[in-house]
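1. Starting from these lines, generate the structure:
(one chain, ligands or ions: 1)
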Amino acid sequence: MPGMRDFMDDFFALLQPRGMQSRPEMLAFIDSEIGVTDKKVMDLGAVRQDGQQFRSASLRDFFAFLSGTEYLCGHNILHHDLRYISPQGGWPSGMGFIDTLYLSPLLFPRNPYHSLLKDDKLQSDELNNPLNDALKAQKLFYDEVNAFRALSPRRQAIYCGLLYPCREFRGFFDYLGCSPTLPNLPEAIRQEFAGRFCQSLDLRVLVEQLPLELAYALALIGEGEELLPEVVELCRRAKAEGWDKPRLLRAAAQIQGVYVPSLYDVDYKEDGTVRAITARDGAPEKVVKRVVHHMDRAYYPAKTIVPSTEIVHDRVTLEVFRGCIRGCRFCQAGYVYRPVRCRSREQLARRPLPTPATRR
Ligand code: SF4
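-> Sure, this is the predicted structure:
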């Protein structure tokens, strides 16, 4: 129906975020250094939209610097910095908060770890420099704005419709002038992703009960050597025995590390925060990430993706252990891969080394 399509295009065009130049609001980017044990503010950094910069440990000077600011932006500020930084009497009621952490995997799905990020943290060239991190948050924010604008108007409207109720996203949409006004969100999703999911799927239920999970992919959580083969094997069995999808999902949820959103009822409060999450159909209350406990029994590839060619790679890569005994708080290896696990010398000695036959 061309007429209907024109109408929809016009409608989505109305939802386009307004240009940044047309936004008069004052925006500032912040970061803080908080004491690990005493949770006291050790250092503060900020940069305003007008280019003025701030670095000091003085909260009084910090709030004076931010006077007149209408939006505060930073990386992981909602669940970190703002827990420790608050002016006397609280933030003004109209203050908007923008957290770049949650937008990053949504807007850079092929590279969720944007070049400024390492895992969920900003890459720091210099330790304990909150001004530096505020500047990086500023760069990341504008990259996110550009990535959002590059999406189709319908995709923008879908994301806004799904995520606006979440505090982690609302400030971003408010700043861009987007509000969730799509009259039929499931239908817009169905059109946007036509052919990419089962048409008999009851999208309305998902939109109403699991908006966040709809915007993000399903997850296998943790290390994959054991988890992924188990899931693949289950899918093979389901196919061979003709299971329907709900049965497959219920069975998948029994595998540790598999999160099946449709098996969780999420109850929201008035302000959009979660009141309760209730697991159904035997799904675990908490999804526990998978960890390979016995490295010697885990799959170990004989062929590596990076070829062993003589010119620059005349060497062998061996995973001797996973994790790190130091556990520095800023470090992926030290935290994500806990606990530290080693492979035995015997297994490493037995591992087939790349030969010309296994080189690519
Ligand atoms: S945790 Fe280990 S790998 Fe990471 S920075 Fe500390 S010593 Fe280095």
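2. Can you give me the distance of residue 146 to the ligand?
-> Distance of residue 146 to the ligand, given as C-beta to the nearest ligand atom, to the nearest Å: 32 Å. Where you see a C-beta, it was placed from the backbone N, CA and C, and this is true even at glycine.
3. and that residue, helix, strand or coil?
-> Under DSSP: H, G, I helix; E, B strand; the rest coil, the three-state class of residue 146 is helix.
4. Counting neighbours, what do you get for it?
-> 11 (other C-beta atoms under 10 Å).
5. and if you look at residue 64?
-> 11.
6. doesn't it fall inside a helix?
-> Yes - membership of residue 64 in a helix is supported by three-state DSSP.
7. For residue 251, pull up the helix or strand it's in.
-> Assigned by DSSP states H and E, residue 251 falls within helix 245-252.
8. again but with residue 69, I slipped
-> Using DSSP H and E, no helix or strand contains residue 69.
9. Now stretch 344-353: average pLDDT?
-> For stretch 344-353, mean pLDDT is 78.
10. For it, give me every contacting residue.
-> The contact list for stretch 344-353, computed with C-beta atoms under 8 Å, 6 or more residues apart in numbering, reads 295, 296, 300, 302, 316, 318, 320, 358.
11. Counting neighbours, which of these comes out on top?
-> In terms of neighbours by other C-beta under 10 Å, these top out with residue 295 at 18 neighbours.
12. Might one say that that one is in contact with residue 342?
-> Yes - contact criterion C-beta atoms under 8 Å: residue 295 and residue 342 qualify, at 6.5 Å.
13. Name the residues contacting each of those two.
-> In contact with both residue 295 and residue 342: residue 321, using C-beta under 8 Å, 6+ apart.
14. picking up where we left off before, show me the contact partners of the next helix or strand after the helix holding residue 251.
-> Downstream of helix 245-252, the next assigned helix or strand under DSSP H and E is strand 258-259. Outside strand 258-259, the residues that touch it by C-beta under 8 Å, 6+ apart are 218, 219, 220, 221, 227, 231, 252, 253, 287.
15. repeat that for 7 Å
-> The contact list for strand 258-259, computed with C-beta atoms under 7 Å, 6 or more residues apart in numbering, reads 218, 219, 220, 221, 231, 252, 287.
16. Can you list the buried residues in the helix holding residue 251?
-> Neighbour counts over helix 245-252 (16 or more other C-beta atoms under 10 Å) mark 248, 249, 250, 251, 252 as buried.
17. In helices, which of the contacts of strand 258-259 fall?
-> Using DSSP state H to define helices, the subset of those located there is 231, 252.
18. could you flag which of the contacts of strand 258-259 are buried?
-> Listed as buried from the contacts of strand 258-259 are 220, 231, 252, 287; burial here means 16+ other C-beta under 10 Å.
19. could those go into CSV alongside pLDDT and distance to residue 137?
-> What follows is these, written out as CSV (pLDDT from 0 to 100; distance: C-beta to C-beta, whole Å):
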residue, pLDDT, distance to residue 137
220, 83, 30
231, 90, 36
252, 91, 37
287, 92, 30
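20. Nice, that's everything, thank you.
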